[in-house]
Structures are given as C-alpha cells and as structure tokens.
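*Asks:* all I have is the shape, not the residue letters:
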C-alpha cells in the first residue's frame, strides 16, 4: 500500500498484541497511523479496520530493508513507537547462543536499525518511544535472553534520552508487565497481574500525553519489582527464588 505524505504516529510490531491495539486506538482517535510489521497479510487485516491506518511491511532485523522501507516516508511522523519484539526462554541455565541472537536481533538490533534509519530526519518535535519490559528490572529464571535484551533496551533508551536532549528529541521508555498477547499466550507459568492489550494501550497513550520519561504498568506489579531491584544481590536472588518457586 502506498503511504500518504503525512501521518501522526508510526508503530513497529503493529500486526499483533500491544502494537496492534495501539494502532487501532490511535486510529479511532482520528490520528493517521503507519502500522509496520513483517507480515503484509496481517497488516492488511489491520488496515481493513480503519481508513486511518496505512501499512509498511519490513523485517526490522534487516538494516537495509528497514532503511529502504522507512525512506519511502516523505515525512516522518513526530511520534515513533518502536514496539517490535520477541521472546524465547532457555531451560536449566543451558545457554543457546543462537537463541540469544534471535532475541537480541529483534529486541535490540531491530530497534536500533529503526533509529539508525530515521536519525537523520529526527528533529525537535520527534518523540521516540521504546517498548521494553519490567523483566529488565530483576533477573528472572529462564529469561536470560529476553530479560537481557530488554535490559539492554532500557539502558539504550535512558542514555539516548540524555544524548538526544540537546536536539529536543524526546525518548520515553515503556516497561509493561504481563500483557495478554500471542507471545505471552505461549508462556507455561503463572503471570501475575496480567492485563489486556486495551489496558496496555491506554497506559501507554496516557503516559505519552503526560510526557512521562518512563511508563510502567500495572503499577502495583512494577513497583514490587522495582523494590526488589533495590535489595542487595544475595537477598534479591533469594526473594526471586521464592517468588518463582525455585529451590532456595
């Protein structure tokens, strides 16, 4: 689909989960949305739901493809939500380098590819929103690859917020807890305080309007994890083992 010259918001990972809900909600607000994803079929199904949604299909793990796709935009939207992500777990501490690379390629380098492709056209009105995870707050069993990638994303977001401030470019970090999406549907463990994509979208949109540097939710869950993160490492690990049912 050809992309109109001007849009209000660009969202990666918009073919499912949080990204899809954000695209629909912004479109319902009357905003022009560029929904990005890897599957043109899924994007077509999304755009069929609103005249305010345009689509742009590319794989964020491919820098050249990302650059080529984003170069088709005559004008960059001022609000850019980099939401594309994936999750895989390891078992019993057995490191699988290929698995780590798959996760980091999407969650870290995919995001960086988007930033690199757009950075020459960002200006003082630009607002970058990086969707991370509360999994970055504390070490969680089996989440070495996912949590590590989101911890890296968190660090990148916070440092870019400092380095880009003199240009007037805003950077916001979003740290959701468990959200019911196709990714979390695969989880085989309890997910405390699980929220719907509708709630996640509402929290993110309200936080963006409020100008928050970090948007984290659900608040009770995220504040518990933030508190645990303040503990000395030994005590922190002991608490996490009890929380997750690991042997102490």
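*Replies:* Nice, thanks for sending it over. From a predicted model like this one, the values you see are computed outputs, not experimental measurements.
*Asks:* where do the helices sit along the protein?
*Replies:* Using DSSP state H, the helices of the chain run over 17-28, 40-47, 63-70, 97-104, 111-118, 144-163, 197-210, 219-229, 233-244.
*Asks:* pLDDT of the third one, averaged?
*Replies:* In this model, helix 63-70 has a mean pLDDT of 98.
*Asks:* so what does that helix touch, helix or strand wise?
*Replies:* Packing partners of helix 63-70 (3 or more Cβ pairs under 8 Å, 6 or more residues apart in numbering; DSSP states H and E): strand 53-57, helix 111-118. C-betas here are computed from N, CA, C, even on glycine.
*Asks:* could I get the ones you listed as a markdown table with distance to residue 84 and mean pLDDT?
*Replies:* A markdown table is the format used below for those (distance: least, Cβ to Cβ, whole Å; pLDDT from 0 to 100):
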| stretch | distance to residue 84 | mean pLDDT |
| --- | --- | --- |
| strand 53-57 | 12 | 98 |
| helix 111-118 | 7 | 98 |
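*Asks:* which one of these lies closest to residue 27?
*Replies:* Taking Cβ to Cβ, strand 53-57 is the member of these nearest to residue 27, at 5.0 Å.
*Asks:* how many neighbouring residues does residue 184 have?
*Replies:* 13 (other Cβ atoms under 10 Å).
*Asks:* read off the pLDDT value for it.
*Replies:* So residue 184 comes in at 84 (pLDDT).
*Asks:* same question for the one 4 residues further on.
*Replies:* At residue 188 the predicted local confidence, pLDDT, stands at 80.
*Asks:* one step back: tell me which of the helices of the chain sits most buried.
*Replies:* Across the helices of the chain, averaging neighbours per residue (mean count of other Cβ atoms under 10 Å) puts helix 17-28 on top, at a mean of 23.
*Asks:* report how many residues lie close to residue 96.
*Replies:* 14.
*Asks:* ok, now how distant is it from residue 110?
*Replies:* From residue 96 across to residue 110, the span is 19 Å (Cβ to Cβ, to the nearest Å).
*Asks:* residue 177 now?
*Replies:* Residue 177 is 22 Å from residue 110, by Cβ to Cβ.
*Asks:* do residue 226 as well
*Replies:* Using Cβ to Cβ, one gets 26 Å for the distance from residue 226 to residue 110.
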